[in-house]
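*Asks:* Below are the sequence and a predicted model for it; my questions follow.
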Amino acid sequence: MAAAILETRGLSKTFGAVAAASNITIEIAEDTVVGLIGGNGAGKTTFINLVTGYLKPTSGSIRYRGRDITRLAPRQVTRLGICRSFQIPQVFDTLTAYENLLVGTGIVDSKDAAEAAETILARFGLAPFRDAVAGVLPEGVRKLLDIAMALVVKPRLLLLDEPTSGVSAGEKFAIMDLVLQAVRAAAVTVLFVEHDMEIVRRHAQRVLAFYDGRIIADGRSEAVFADADVRRLVVGEQPC
Amino acid sequence: MRAPDRTEKIALLGLFALLAGGAFLPQWALFLVTLALAKGLVVLSLLLLMRTGLVSFGHGLYYCLGAYAAGMVGQLLHVGDAAVMLLVALAVSCAVALIVGLLLASYRGIFFAMLSLAFSMILYGLLVKSAALGSTDGFNITVTAAAGASLSSASRRYLLFALSASFAAMAAVGMHRFLGSHLGRLAPAVRDNELRVEYLGASVRRVVYLNTIIAAALTGLAGALTALVVGHIDPEMAYWTTSGEFVFVAILSGTASVLAPFLGSLLFELLRSFAYQYSPNTWQMVVGAAMLLVIMFLPTGLWAVFGRRGKRVA
Ligand SMILES: Nc1ncnc2c1ncn2[C@@H]1O[C@H](COP(=O)(O)OP(=O)(O)OP(=O)(O)O)[C@@H](O)[C@H]1O
Ligand SMILES: [Mg+2]
C-alpha cells in the first residue's frame, strides 16, 4: 500500500449533546479516490471541516503527509496542500468566472496566473461562462466553478463535499466524469462525499460509510455496499 | 511597464488639461478645484475600502491627523516648506494606521464603520481639549516654500493646485493599477466571500489591514493638502460630519472607476458652493435632494452615466 497522505486518530467533535464526529480513525493512501457516504447529519461535512481546520476537534489528531496539522487554520492547511469544495458553492459573486479563478491563481503564483486560470477554465468546460458574473450562473455551473477553485491552489489532497448536489439528475454523471478527469490530470488524492450510490460505485476505489458521527464500514465498494449496517442505515435511507 | 490603458490615459490627459487650464482660472475657481481634488483623494481611499466591502465613518481621523501633522511642522519646527509638511503628514497617518488598523482588521460592516468613527472622535476630543493647539479654534498654517524654493502668494496658489492635481492623477493611476493587480483583486474577493479567500490560502485580515493603511495614507495626504490650501485647521476635520460627507461623496460618485471620486468631489464642491450662494440657510436641503436623485436614478453612483451598464450586477 502507498504511503498515507492523511491520517486521523480518534477524531471527535461534539456540538453540545450532538456527536458530529466520534472517534474517527482512518488512513487515506496517496493517489486513491475515496467515496464518503452517509445519511443526512451523519457527519460527512463535519469531517471535511475538521480536516481543513474550519472546525477545531474536541479531541483526536490529524496528520497530513506525516505532519501534525490538528490545530491549523484553513489558510495554513490550504497552503500545505489540502483543499476542498463546498456543499453550497463558495465563489465570488460579483466577479466573472475567469476572475474568480484568477484570484486563486494570483495567490498561488502571480507570474503565470492568467494562463493558469485559462487552463483550469478550459479543463472544467467553463470557457463559455468565462466572462459571466458568478452570481448569475446556473447552480450546476457554480458548483463546477467551486470545485475548479479548489483545484486552483494545486492541492495534493482534495475533499469534495457533494460535488453533484444541486445538479440535475441527468447531468450528474457527466459532471462527475468531468471533475474526476480534471482531478486525474492534476494527480490528486480525492475524497468525495456523495449521496448517489451509482456514482460512488463508478468512481470510488474505497468507500467509507458514516452514521451518527461514526465509521460503520470501510473498504472496497462491493464489500461496503453488501454490509448489512450500510444497507439498513445508509442505503435504505436514500430517497433515490 | 505596460502601456497605459483608457482610464490611465484619461487621468493623464486630465492632469495636463488641469495644469494648463489652471493658470487661467479665477482665484475662487482655482481654490474650489484644488480643494475638490484634495478631497477626491479621501473619496478614492473610501473607494478602496468599499471595494473591500468596508465603509469607514471615521476617515476624519486621518484627514485631521494629516492636517495637524502639517500644521505642527510649521508651528513647532517653524518649517514652512510644503514638501516637508506633506511628507510628515503621510508618515504620521501611516504610523497611526499601522496601530489602529490592527484593531480594525478584525471588524466588518457596521462595527468597522463605528469603530473607525470612535477613533476619529477620540482625536476630536483630544484636540478640543488641547489649548496649545488652539482648542476648537485650531490655528493658521502658512506655506512659505516648496522643496527649498520660496513662494509668492499667487505662485503658492498655483503650486498647491498643481500639487493636488498631480497627486490626484498619480493616486488614480496607482489605485487603478493596484486594483488590477493580484493583490488588489483580493479586495472584491474579500468583500464577496471571506471563507473562500482563506480557503485559497490568503489572509483576509492581511488584505483588510493593508487596504486600511493605503486608505489612511491617501487621506492623511489629502488632509495636509487641504490644510495648506485653506491655510487654517481646526478639530472639525476629525468630527463625524466631515467623515460623513466623504462617505456621502463616495456614494454619490460610485465605485466603478478610480476617476469617479474626483468627478464626484468636484460636482459636490460646485453644488455646495452654488447651493450656499443661492440659499445660504437651506443649502443642506439642496445637497440632500441631489443625493436622493442620484440614489433613485443612478444607484451605482454618478459614474454609471459613463459606465458600460449591465456588464456587472451589483
Ligand atoms: N456548526 C454546528 N453547530 C451545531 N451543530 C452542528 C454544526 N455543524 C454540524 N452540526 C451537527 O452535526 C451533525 C453532523 O452534521 P454534518 O453537516 O457534518 O452532516 P452531513 O453528513 O454533512 O449531512 P448532509 O448530508 O445533510 O450534508 C448534524 O447533527 C448537525 O446538525
Ligand atoms: Mg454535509
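*Replies:* Happy to help now that I have it. Ligands and ions are numbered 1, 2, ... in the order given.
*Asks:* Determine the three-state secondary structure at the residue sitting nearest the centre point of chain A.
*Replies:* Centrality entry for chain A: nearest residue to the mean C-alpha point is A:Leu160, 1.5 Å, by CA atoms, centre = their mean. Taking DSSP: H, G, I helix; E, B strand; the rest coil as the rule, one finds A:Leu160 in the strand state.
*Asks:* need the contact list for it.
*Replies:* Residues near A:Leu160 by CB atoms under 8 Å, 6 or more residues apart in numbering or on different chains: A:84-85, A:147, A:150, A:179, A:190-193. Every C-beta, even on glycine, is put in place using the N, C-alpha and C of the backbone.
*Asks:* With B:Tyr63 instead?
*Replies:* By CB under 8 Å, 6+ apart, the neighbours of B:Tyr63 are B:42, B:219-220, B:222-223, B:226, B:237-238, B:242-243, B:246.
*Asks:* The same query, at a cut-off of 10 Å, please.
*Replies:* B:38-39, B:41-42, B:45, B:93, B:120, B:123, B:216, B:219-224, B:226-227, B:237-238, B:242-243, B:246 (CB atoms under 10 Å, 6 or more residues apart in numbering or on different chains).
*Asks:* quick one: which of these sit in helices?
*Replies:* When these are checked against helices (DSSP state H), the matches are B:38-39, B:41-42, B:45, B:93, B:120, B:123, B:216, B:219-224, B:226-227, B:242-243, B:246.
*Asks:* where exactly do the helices run in the chain?
*Replies:* Just going to use chain A. In chain A, the segments counted as helices under DSSP H are A:44-51, A:74-80, A:97-108, A:113-123, A:139-152, A:169-185, A:197-203, A:221-226, A:228-230.
*Asks:* To clarify, I was referring to chain B.
*Replies:* Assigned by DSSP H, the helices in chain B fall at B:6-22, B:27-51, B:60-77, B:82-104, B:109-129, B:153-179, B:186-192, B:194-199, B:204-230, B:240-253, B:260-278, B:283-297.
*Asks:* Could you list the low-pLDDT ranges of the chain?
*Replies:* I went with chain A, as the question did not name one. Within chain A, the segments meeting pLDDT under 70 span A:1-2, A:237-240.
*Asks:* I was thinking of chain B, sorry if that wasn't clear
*Replies:* Using pLDDT under 70, the flagged stretches of chain B are B:1, B:307-314.
*Asks:* Is there a neighbour count for B:Cys94? I'd like the number.
*Replies:* As a burial measure, B:Cys94 scores 18 neighbours (other CB atoms under 10 Å in any protein chain shown).
*Asks:* From the centre of chain B, give me the residue that's furthest out.
*Replies:* Distance from the C-alpha centroid of chain B peaks at B:Tyr199, with 33.0 Å (CA atoms, centre = their mean).
*Asks:* which residues touch the one residue in the stretch 151-300 of chain B that gets nearest to chain A?
*Replies:* Residue nearest to chain A within the stretch 151-300 of chain B: B:His182 (3.1 Å; CB to the nearest CB). For B:His182, the contacting residues are A:102-103, A:105-111, A:113-114, B:202, by CB under 10 Å, 6+ apart.
*Asks:* could you redo the helices of chain B as CSV and give each row distance to A:Glu118?
*Replies:* Listed next are the helices of chain B as CSV, based on distance: least, CB to CB, whole Å:
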stretch, distance to A:Glu118
helix B:6-22, 23
helix B:27-51, 24
helix B:60-77, 40
helix B:82-104, 35
helix B:109-129, 35
helix B:153-179, 21
helix B:186-192, 18
helix B:194-199, 20
helix B:204-230, 24
helix B:240-253, 34
helix B:260-278, 30
helix B:283-297, 39
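*Asks:* do you know which of those lies nearest A:Val18?
*Replies:* Closest approach to A:Val18 among the helices of chain B (CB to CB): helix B:194-199, 22.4 Å.
*Asks:* who's in contact with B:Trp240?
*Replies:* B:57-58, B:60, B:117-118, B:120-121, B:124.
*Asks:* now do A:Gly219
*Replies:* Counting by CB under 10 Å, 6+ apart, A:Gly219 touches A:206-209, A:225-227.
*Asks:* Show only the entries of those found in strands.
*Replies:* Judged by DSSP state E, the contacts of A:Gly219 include A:206-209 as members of strands.
*Asks:* so B:Ala105 touches B:Phe112, yeah?
*Replies:* Yes. Using CB atoms under 10 Å, B:Ala105 is in contact with B:Phe112, at 9.0 Å.
*Asks:* gap between the residue in chain A that ligand 2 sits nearest to and chain B?
*Replies:* Here chain A gets closest to ligand 2 at one residue, A:Thr45, 3.1 Å apart by CB to the ion. Counting by CB to the nearest CB, to the nearest Å, the separation of A:Thr45 from chain B is 13 Å.
*Asks:* That residue is in contact with A:Gly213, isn't it?
*Replies:* No. The pair A:Thr45 / A:Gly213 is not scored as a contact, 11.6 Å apart, by CB under 10 Å.
*Asks:* Quick check: buried residues in stretch A:197-211?
*Replies:* For stretch A:197-211, burial by neighbour count (16 or more other CB atoms under 10 Å in any protein chain shown) applies to A:197, A:199-200, A:203-204, A:206-211.
*Asks:* Now the two most distant members of these.
*Replies:* A:His203 and A:Tyr211 (21.5 Å).
*Asks:* With B:Met114 as the reference, measure out to the residue of the stretch 151-300 of chain B closest to chain A.
*Replies:* Noted for B:His182: a distance of 31 Å to B:Met114, by CB to CB, to the nearest Å.
*Asks:* How about B:Thr34?
*Replies:* If you go by CB to CB, the gap between B:Thr34 and B:Met114 works out to 32 Å.
*Asks:* With B:Arg6 instead?
*Replies:* B:Arg6 is 38 Å from B:Met114, where distance means CB to CB.
*Asks:* Of these two, which one has the most company?
*Replies:* Using other CB under 10 Å as the criterion, B:Arg6 and B:Met114 rank with B:Met114 on top: 14 against 9.
*Asks:* which ones are touching residue 78?
*Replies:* Answering for chain A, as no chain was given. Neighbouring residues of A:Thr78 by CB under 10 Å, 6+ apart: A:52-53, A:72, A:84, A:107-108, A:150, A:153, A:155, B:198-202.
*Asks:* wrong one, chain B
*Replies:* Contacts of B:His78 (CB under 10 Å, 6+ apart): B:Thr144.
*Asks:* just B:Thr212 next, same as before
*Replies:* Shown in contact with B:Thr212 (CB under 10 Å, 6+ apart): B:45, B:48-49, B:52, B:54, B:56, B:62, B:97-98, B:100-105, B:112, B:116.
*Asks:* thinking again about what came up before, format the contacts of A:Gly219 as CSV; extra columns: distance to A:Gly60.
*Replies:* Formatted as CSV, the contacts of A:Gly219 follow (distance: CB to CB, whole Å):
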residue, distance to A:Gly60
A:Arg206, 21
A:Val207, 22
A:Leu208, 16
A:Ala209, 19
A:Phe225, 28
A:Ala226, 29
A:Asp227, 24
